[in-house]
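Visitor: return a 3D structure for these sequence lines:
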Amino acid sequence: MEREVLEFDVQWIGAGPAGLAGAIHLADLIERHNQSIAAGAPGTPIPETTIAVLEKAARVGAHGLSGLVMDPRGMLELIPDFRARGCPIEAEVSSDDVYLMWQGGQLRLPITPPPLQNHGNLIASLGTLTEWMAGIAESKGVLIATETPAASPLVEGGRVVGVRSGDKGIDKLGAKKSTYQPGADCRAKLTVLCEGPRGTVAKALEKSLGLTVGKNPQVYSTGVKELWEMPPGRVQKGRIIHTMGFPLTNDTFGGGFIYGAGDSHWAIGFVTGLDAHDPTNDPHGNLQRFKTHPFVRALLEGGKPVSYGAKAIPEGGWYAMPKLYADGLLLCGDTAGFLNGGRLKGIHLAIKSGMLAAEQAFECLLAGDFSAAELAGYEKRVADSWAGAELRGMRNFHQAFDGGLWTALPRTGFQMYMGGLDPLGDHLKGHAGHERMRKLRDVHPDGKPAVAKADGKLDDKTMSALSRYLKIEGQPADNPSVTEALVTELSKHATRVCPVQCDQGQTLKGETCVADHKPEAAPATASGKSNGGEDTARRRQQATGEQAQPRRPKSAPEAPRARAQALARPSIVGGGGSGHTLIGVGF
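Guide: Here you go, the predicted model:
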């Protein structure tokens, strides 16, 4: 079966804020240039240009997840009148609080650290924001192709000439079904990767193009978020709360956040560093424990969770950013590490990175040259921009946490006043997450700690919905390296684990959990579930989520293998990028 070949001038891989901002800005640049030529300015008009955005989800916004408290600087540059044009903003920040927490208590910091001051920032939903941006892009003639995941790069003679989209009609182990349809070869003069953290295509090109040579290794955290619907009068619209400490140990990077998203919803989440010493570090479990703290419990009591999601966050900073260009290739957004870890913000940087890439693409269109020599100007644009200056100011932020929270606090304070310089140097080395992880026997000499019992009030619905997500059958693996052999090997180590982590009774008899699993028959939403595509009008509406039939746990004899399949899926443990993010489990 032959593959379809699609030809574009410039294609953006991923309909997140970086890809959509880049496509919008490039369309604007071309339009303004041609208008000026028509008005008599010197130069040559740019002929009709095909700009495409390839998005793996069934609709734009379905895979969008963030806190989100947005610095409006990037959006103001892209679309100055974005508020007047109906940009979906939930609230303006009205107050800031930072708490140091321990089990059973908390201390509000008398002064909010400058990086965490959010006056003038906006609370929004990334899913609805990107959906709105997609409508703007389409109105400018940009083609947005949903259900088109970029599965692998197309490279000819060391030059990136496009991507191959994923095959359809394959089962969870990659075998072809009767509905098999090969992916298309999407070729372009320039391919801009905006896949998110650890994107499939970017990882495939990393070694062959030397994108990370001489760079600090990227290090990641997992952000887990829930949206809680509250009774009237229980939410302070625009309130921002950030926390440090509980339930993390001193040597684990991370913290909590609670945002007043409108009049009736709290957005609550927890970020956990994946470079923790403890191999039992559990980002999803940390959010559940965070909610049991008396301060948090008081905010949530009487409410109900309405959605749940998780994503990977690139925390490495300026020195961990890869080379941003190659022949026929640029990198933007989370793919390139555009995240300010100290401010807990990346959306404004993603937008700016897309705009800078668009400006370089525009120059390449004028020159008719998409070589690495011409595209190298993108890195200079980044370095000379306010985005580059902001990232350099936090260049040693994450490295300061190598010694734990208590040493990081004074060091990051020093950095803040010294423009990023750390007391231990100006260019601190980073460490890959796995290099900091210790063996279980060294961290827990008495054996793996018992799994925390479910609270029964604040986390029962969350865990039952996540359990149902783990059990959805017939989906291809998020990670193409997941094989039958890997699942078989993992199943050997999963015989003592409840396959749905019910926390109702961890004692096992053989392969059977003694707990009585009766998850609620509520709809669940799994990211990437196809609904046959979405038209333009649909993309311009607010994201509503896709409904899938609930699944009950497998029978006990299949438990170890089912759990092994779950363990083999990066989406469950907070991977990111192309298909590795767990998004939008609904209740």
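Visitor: show me what counts as buried in stretch 378-390.
Guide: Buried residues in stretch 378-390, counted by 16 or more other C-beta atoms under 10 Å: 378-379, 381-382, 385, 387-388, 390. All C-beta atoms are positioned from the backbone trio N, CA, C, and that covers glycine.
Visitor: oh, I was asking about stretch 32-49
Guide: Here stretch 32-49 shows 33-34, 46, 49 as buried, counting by 16+ other C-beta under 10 Å.
Visitor: closest one to Lys168 out of these, please.
Guide: Nearest to Lys168, judged by C-beta to C-beta, of these is Thr49 at 28.7 Å.
Visitor: excluding covalently adjacent residues, which one is nearest to the closest one?
Guide: Asp9 (4.7 Å; C-beta to C-beta, 6 or more residues apart in numbering).
Visitor: so that neighbour touches Lys189, yeah?
Guide: Yes. In terms of C-beta atoms under 8 Å, Asp9 counts as a neighbour of Lys189; the distance is 5.4 Å.
Visitor: for the stretch 351-500 of the chain, what spans make up the helices?
Guide: Taking DSSP state H, counting those that start in this stretch, the helices of the stretch 351-500 of the chain run over residues 372-375, 377-384, 386-392, 405-417, 433-436, 440-443, 460-471, 484-491.
Visitor: cool, and the stretch 101-250 of the chain?
Guide: Under DSSP H, counting those that start in this stretch, the stretch 101-250 of the chain gives helices at 126-139, 200-206.
Visitor: just the mean pLDDT for the last one, thanks.
Guide: Summarised as a single mean, pLDDT over helix 200-206 is 96.
Visitor: count the neighbours of Gly448 for me.
Guide: Actually, residue 448 is Lys rather than Gly. When neighbours are defined as other C-beta atoms under 10 Å, Lys448 has 12 of them.
Visitor: can you pull the contacts of it?
Guide: Counting by C-beta atoms under 8 Å, 6 or more residues apart in numbering, Lys448 makes contact with 280, 440.
Visitor: swap in 10 Å and give it another go.
Guide: 279-280, 440-441, 496 (C-beta atoms under 10 Å, 6 or more residues apart in numbering).
Visitor: can you lay out those residues as a markdown table showing pLDDT, neighbour count and distance to Met101?
Guide: Shown next, in a markdown table, are those (pLDDT from 0 to 100; neighbours: other C-beta atoms under 10 Å; distance: C-beta to C-beta, whole Å):
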| residue | pLDDT | neighbour count | distance to Met101 |
| --- | --- | --- | --- |
| Pro279 | 93 | 15 | 24 |
| Thr280 | 92 | 12 | 20 |
| Leu440 | 91 | 14 | 26 |
| Arg441 | 91 | 11 | 29 |
| Arg496 | 40 | 12 | 32 |
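Visitor: just the closest of the buried residues of stretch 32-49 to Ser178, please.
Guide: Once C-beta to C-beta is applied, the member of the buried residues of stretch 32-49 that ends up nearest Ser178 is Thr49, at 39.4 Å.
Visitor: that older thread, give me the common contacts of Asp9 and Lys189.
Guide: In contact with both Asp9 and Lys189: 49-50, 361, 364-365, 370, using C-beta under 10 Å, 6+ apart.
Visitor: residues in contact with Asn121?
Guide: 68-73, 92-93, 96, 238, 240, 343, 345, 348.
Visitor: now do Ser125, the pLDDT please.
Guide: 94.
Visitor: coming back round to it: give me the pLDDT value at the residue nearest to Thr49.
Guide: The model's pLDDT for Asp9 equals 98.
Visitor: mind listing what the helix or strand hosting it pairs with, with the direction of each?
Guide: For Asp9, the host element (DSSP states H and E) is strand 5-13. Under the criterion DSSP bridges, strand 5-13 sits next to strand 51-54 (parallel), strand 185-193 (parallel) in its sheet.
Visitor: doesn't Met355 make contact with Phe338?
Guide: No. Contact between Phe338 and Met355 fails when scored by C-beta atoms under 10 Å: they sit 11.6 Å apart.
Visitor: could you export the strands paired with strand 5-13 to a markdown table, including columns for mean neighbour count and distance to Leu324?
Guide: Shown next, in a markdown table, are those (neighbours: other C-beta atoms under 10 Å; distance: least, C-beta to C-beta, whole Å):
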| stretch | mean neighbour count | distance to Leu324 |
| --- | --- | --- |
| strand 51-54 | 26 | 19 |
| strand 185-193 | 24 | 10 |
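Visitor: for Lys429, which of these is the nearest?
Guide: From the strands paired with strand 5-13, taking C-beta to C-beta, the stretch that ends up closest is strand 185-193, at 25.9 Å.
Visitor: Thr200: which of the strands paired with strand 5-13 is closest?
Guide: strand 185-193 (9.5 Å).
Visitor: and the closest one, how far out from the chain middle?
Guide: Taking C-alpha atoms, centre = their mean, to the nearest Å, the mean C-alpha location of strand 185-193 is offset from the chain mean by 22 Å.
Visitor: export that strand as PDB, just CAs?
Guide: This file holds the C-alpha atoms of strand 185-193, laid out as PDB (Å, rounded to 0.1, in the frame of the first residue of the first chain):
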ATOM      1  CA  ASP A 185       4.800  11.500   4.000                       C
ATOM      2  CA  CYS A 186       4.500  15.200   4.800                       C
ATOM      3  CA  ARG A 187       7.300  17.000   3.000                       C
ATOM      4  CA  ALA A 188       8.300  20.700   3.400                       C
ATOM      5  CA  LYS A 189      11.100  23.100   2.700                       C
ATOM      6  CA  LEU A 190      11.100  23.800   6.500                       C
ATOM      7  CA  THR A 191       9.800  21.600   9.300                       C
ATOM      8  CA  VAL A 192       9.400  23.300  12.700                       C
ATOM      9  CA  LEU A 193       9.200  20.900  15.700                       C
END
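Visitor: so that strand versus helix 377-384, what angle?
Guide: Put simply, strand 185-193 runs at 30 degrees to helix 377-384, going by axes from the mean of the first three to the mean of the last three C-alpha atoms, to 10 degrees.
Visitor: give me the mean pLDDT for strand 185-193.
Guide: The model assigns strand 185-193 a mean pLDDT of 98.
Visitor: same question for stretch 151-167.
Guide: In the prediction, stretch 151-167 has an average pLDDT of 96.
Visitor: any idea which residue sits dead centre in this protein?
Guide: Central residue of the chain (C-alpha atoms, centre = their mean): Lys311, 4.2 Å from the mean position.
Visitor: closest to Ser221 among the shared contacts of Asp9 and Lys189?
Guide: Checking the shared contacts of Asp9 and Lys189 against Ser221 with C-beta to C-beta, the nearest one is Ala361 at 31.1 Å.
Visitor: what sits against that closest one?
Guide: Ala361 neighbours (C-beta under 10 Å, 6+ apart): 9-10, 12, 22-23, 25-26, 29-30, 49, 51, 189-190, 192, 330, 370, 375, 378.
Visitor: what separates Trp406 from Phe414, distance-wise?
Guide: 14 Å (C-beta to C-beta, to the nearest Å).
Visitor: quick one: which of the two has more around it?
Guide: Counted by other C-beta under 10 Å, Trp406 and Phe414 do not tie: Phe414 has more neighbours, with 15 against 9.
Visitor: excluding sequence neighbours, find me the nearest residue to that one.
Guide: Counting by C-beta to C-beta, 6+ apart, the residue nearest Phe414 is Pro423, at 5.4 Å.
Visitor: can you check Pro114 too?
Guide: Spatially, and ignoring its direct neighbours in sequence, Pro114 is nearest to Met416 (6.4 Å; C-beta to C-beta, 6+ apart).
Visitor: enumerate every residue touching the one you found.
Guide: Met416 touches 113-115, 342, 393-394, 397, counting by C-beta under 10 Å, 6+ apart.
Visitor: now a ChimeraX select for only the buried ones of the residues you listed.
Guide: ChimeraX command restricting those to the buried ones, with burial defined by 16+ other C-beta under 10 Å:
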select :113,115,342,393,394,397
